[in-house]
Structures are given as structure tokens and as C-alpha cells.
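Student: Need coordinates for the below:
(one chain, ligands or ions: 2)
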Amino acid sequence: MAEILLVDDEKSVRTTLSLMLKRSGYQVEEAVNGEEALKMIKAHFYDLVVTDLKMEPVDGMEVLRQVKAANKTTEIVVMTAYSTVESGVEAMKLGAYDYIQKPFDKDEFLILIKKALERKDLISEVEHLQNELREKYRFENIVGNSNAMMEVLSMVSKVAKTDSTVLITGQSGTGKELIAKATHLNSRRKNRAFITINCGALPENLQESELFGHVRGAFTGAIKDKRGLFQEASGGTLFLDEIGETALSTQVKLLRFLQDGEIRRVGENEPVYVDVRLIAATNKDLKKQIEEGKFREDLYYRLNVIPIDLPAVSERRDDIPLLAAHFLKIYAERTKKNNPLISPDAMKYLMDYDWPGNVRELENVIERAMILAPKNVIQPDDLPAALLECERKPVTETQTLPGGDQTLEELEKQHILMTLEKYDWNQKKASDILGISTTTLWRKLKLYGIEPKRKEESLVA
Ligand SMILES: Nc1ncnc2c1ncn2[C@@H]1O[C@H](COP(=O)(O)OP(=O)(O)OP(=O)(O)O)[C@@H](O)[C@H]1O
Ligand SMILES: [Mg+2]
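Tutor: Ligands and ions are numbered 1, 2, ... in the order given. All right, here's what the predicted structure looks like:
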């Protein structure tokens, strides 16, 4: 429900307008003059402020300036009985949505309010749509068809539909942030903000003001009011990364938010209600931290409403070929390489390695190999020493297919490419080895969009 602050020094005007707005379903608060309005906008974040222009000693223009300074997204409608067109235009220059001249009729007023609020929604929606386009996170960016990942993804699609707090656990590099974003982007909040805070990266004394905001003078260095990330995330999702690193004092405040939905800016007693969904992540064992007195047990249970535990890569080896192919494609585009491949030998090393750094490590290994591989084929030599040193099991015991989980078409394409690479793109030679005619090879190259690297007279005909 939209929250509106109504500012007018005339009681009768306030009463009439307030009643009108409430009947239309808005939540309305009143300020009896400019001074009171300034106090109220600091304590609370309104969607819309409707203010009289001519007031003493703080006038509507000043209210307008301060509202915009406190929160750019709050819309403002000014009204005045003394309106000259100039003061209305002046107000719009300062960022007011529009002005209305008293006396006005009820419908005209309500339509204006509705439009102002629509613009506010539209602006924040456009902003977040743009962000979304920039980082295309959705399920299609999440690779994996191991049972373990399937369970995770079905959990994500279920929790995305709710507003419940989610706690994502898993070793470093398993994709916690990716899953948090996917949860947001598949939720009704998808067009609103997704704000991340890495609790571990912030010193204890800054955590609270960063999260909840502060008022001017709350502590040395607080030279002006600051909006916290909770307000930035309003209507959207706040992702608390490395939640295990939050200070105990911050934990108390998080708990209060989870219990009552309210926060307090540092240096202020009045609570502010915010509509934010929390997703937290950690690679720490929170149970152990509770035992050590570093994490509040009550907060743990509040956060852990829906737990999602991400499996380590070593627990889902089936996903390795898919992940490798995924990153191969990404880095092929970036390094402008055409149809790169991973040789079966190199793939065996990838399959056998333990991946302590999980998906992130795998991604780095592929990126590095793409730069190192002299041709388009990643060979064991292009892999880091750590992988090559790892104890290799005989292939027969690993139960994994040399080509990974791929379709016949993909395998055929890869095999053709490998053969061509091996024989230096001599198509006659390659077709002999493959046991097909040169015409068939030529047709398959076209089918798979493979650019021949050498033109051969024998095939041009
Ligand atoms: N299933 C997956 N499919 C595709 N890419 C993935 C997958 N899981 C992780 N990634 C990629 O791996 C990298 C690391 O993932 P992410 O940052 O989400 O991990 P994390 O668990 O938050 O790690 P940390 O604990 O170190 O913060 C990112 O580039 C991410 O896009
Ligand atoms: Mg992370």
C-alpha cells in the first residue's frame, strides 16, 4: 500500500484530503507544518509527499528540497492557493511531479495522486529491468543436471514464490550468490532491487549504518543522513552474504527486523517499516559459531526458515562436463576462439580432480586453459599443475562417459572438430579417418556451422 505524507498548515484541508486519500486505499500521515514534515521524512520513507507551498517558517519548497535530498524516489505533488504558474513550475524544476491549484476538485486531485505513484513504480521498475538485462541471471545460467542440483533448483523455484527468509549454505565457490539472485529473479520482486552486502567485508562499526542507515550526528563522521541498504532494497530482496561475519550487535537488529519487519536508523528511536525479503548465505558452520558464542541462536532459527545447501562439485561430478562446456562457451566468446574443445585426456583430469574451490575454480581453470591452449583444443598441458598431480583413477572405475553427458550430435560435432584439428584441417585426410566421404564431411560442417580453416581444391568443386 502506498504511503503518503500530507503537509498543510490548515487543519480543515488536511482533514478533507486525508479522508479522501484513505478512502481511496492509501496510507496517510499528516504534518501540521513544514517543520514537522521535515522531521517525518527523516523518520520514514514515503512514496509520495503532498505539500502546501505557502507555509511559515518552513515552506513547501524547502520540504520539497529536503524530500528529494533524503530519497530521490519519493514523488512530490505541491498545492497552493496562491499559485502563480511560476511557483508551480519552479517546484517542478526542483523535482516535483506536478502542482495543483486550490481549490481543486476531488477527482482531479485523486487522478494526480494516482499518476504520481504510477510514475514512482514505473521508474523503479525500469531501473531494475535494466539491471536485470545487464546481468541475465535466471535458471538458464545455472548449469547442472545432477540429482543434487535438480533438488536445489526445484527448491529455488518453490521458495521463489514465497517471501520466506532463505539461508543458503555451501562451500566457497559453489554458487551461493548465483542461487540467491535466481531466487530473487524468479520471485514477484524480480523487477525491484536485489541488493548485496558482504557482511565480512565491513568493519563492525560500519555494518549497522550501512544496513540500516543513520541520522546526521549519530556518530563522529555522520555528517548527513544516510539511507541504509534495507531502504535501498525496499520492495525487493536484500542478500546478506557471509552472514556468519556479522557483529553480534548487528545480529540483534536483524533479529528485530525478522520479528517485526521494522528497522531503526542509527541514532534514532522511531522504527521504520520496510518491505524487504532477506536471503542470507554462509560457508561457515553456523551451528559451531553458535556454540562459540559468535552467532545468536534465535537469529539462526529465524534465518533458517528455508535452508538450501549447495553440494560441492566433488559431490556432483556428473555436472563437471556440463560446467566445463558452459565456461568453454563463455570464454570462447570472450577470447574470440571458434569452437574450442576439451580433449578427452584433459577431460579425465577435470573429472578426477577434487575441486576444493568448486565451480569458481573450474571456471578459472577453463579460462586459463583457453588462453594457454595453442590451438583450439585444451590438452592436459594447459591445465594447472594441481590438477595433473592429483591421483588418477583408472577410467573403468570412474563410471563416467568420456564425452560426459552429451547428445550424439554434440559428440559428433566435437569428434569431427577434433579430427580436423589433429590433421591440420586437411579435410580429405579427416574424412578418410572418419570413414565418410568428403561430401558428407562438407555437409556436416555446414550443419554444425563449422568454418573450415583451409580451403581445399578437392572439396570446392
Ligand atoms: N551451477 C552453476 N552454473 C553455472 N555457473 C555457476 C554455477 N555455480 C556457480 N557458478 C559460477 O561460479 C562462480 C562462483 O559462484 P558464486 O559467486 O555464486 O559462489 P559462492 O558460493 O557465492 O562463493 P563464495 O562462498 O566464495 O562467495 C560464479 O562465476 C558463478 O556464476
Ligand atoms: Mg559468494
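
Student: List the residues that contact the residue of the chain found nearest ligand 1.
Tutor: Closest residue of the chain to ligand 1, Cβ to the nearest ligand atom: Gly175 (2.7 Å). C-beta: built from backbone N, CA, C; applies to glycine. Taking Cβ atoms under 8 Å, 6 or more residues apart in numbering as the criterion, Gly175 is in contact with 142, 310, 358-359.

Student: rerun at 7 Å
Tutor: By Cβ atoms under 7 Å, 6 or more residues apart in numbering, the contact set of Gly175 is 310, 359.

Student: what mean pLDDT does the helix or strand where Glu118 lies have?
Tutor: In the assignment (DSSP states H and E), Glu118 maps to helix 106-134. What helix 106-134 shows for mean pLDDT is 79.

Student: Equivalent analysis for stretch 73-83, please.
Tutor: Stretch 73-83 comes out at a mean pLDDT of 84.

Student: Near ligand 1, which residues of the stretch 351-461 of the chain are found?
Tutor: Applying Cβ under 6 Å from any ligand atom, we find that the stretch 351-461 of the chain lies next to ligand 1 at 359-360, 363.

Student: Let's see if you can find the most crowded of these.
Tutor: Most neighbours among these, by other Cβ atoms under 10 Å: Val359, with 25 neighbours.

Student: Confirm it sits in a strand?
Tutor: No: going by DSSP: H, G, I helix; E, B strand; the rest coil, the assignment for Val359 is helix, not a strand.

Student: Confirm for me that it is in contact with His326.
Tutor: No: using Cβ atoms under 7 Å, Val359 is not in contact with His326, being 9.6 Å away.

Student: Counting neighbours, what do you get for the closest residue to ligand 2 within the chain?
Tutor: In the chain, no residue comes nearer to ligand 2 than Glu177, which is 4.1 Å away by Cβ to the ion. Neighbour count of Glu177, defined by other Cβ under 10 Å: 17.

Student: Kindly report the same for Ala81.
Tutor: 12.

Student: same thing with Leu167?
Tutor: Other residues near Leu167 number 22, with proximity taken as other Cβ under 10 Å.

Student: what about Lys11, neighbour count?
Tutor: Neighbours of Lys11 (other Cβ under 10 Å): 10.

Student: Excluding residues flanking it in the chain, which one is nearest it?
Tutor: Val32 (7.6 Å; Cβ to Cβ, 6 or more residues apart in numbering).

Student: quick one: that neighbour and Asp9 touch, right?
Tutor: Yes: between Val32 and Asp9 there is a contact under Cβ under 7 Å: 6.4 Å.

Student: Break the chain down into its domains, please.
Tutor: Per automatic domain parsing, the domain ranges recorded for the chain read 3-130, 152-310, 312-405, 407-461.

Student: Tell me which of the ones you listed lies nearest to Ser146.
Tutor: Closest approach to Ser146 among the domains of the chain is made by domain 312-405 (3.8 Å; Cβ to Cβ).

Student: where do the strands sit along the stretch 301-450 of the chain?
Tutor: For the stretch 301-450 of the chain, strands defined by DSSP state E, counting those that start in this stretch occupy the ranges 306-309, 341-342, 377-378.

Student: Near ligand 1, which residues of the stretch 1-150 of the chain are found?
Tutor: Residues of the stretch 1-150 of the chain lying near ligand 1 (Cβ under 6 Å from any ligand atom): 142-144.

Student: who wins for neighbours among these?
Tutor: Counting neighbours by other Cβ under 10 Å, Gly144 comes out on top of those with 21 neighbours.

Student: what about it, which SS state?
Tutor: Here Gly144 is recorded as coil under three-state DSSP.

Student: Lovely, talk soon.
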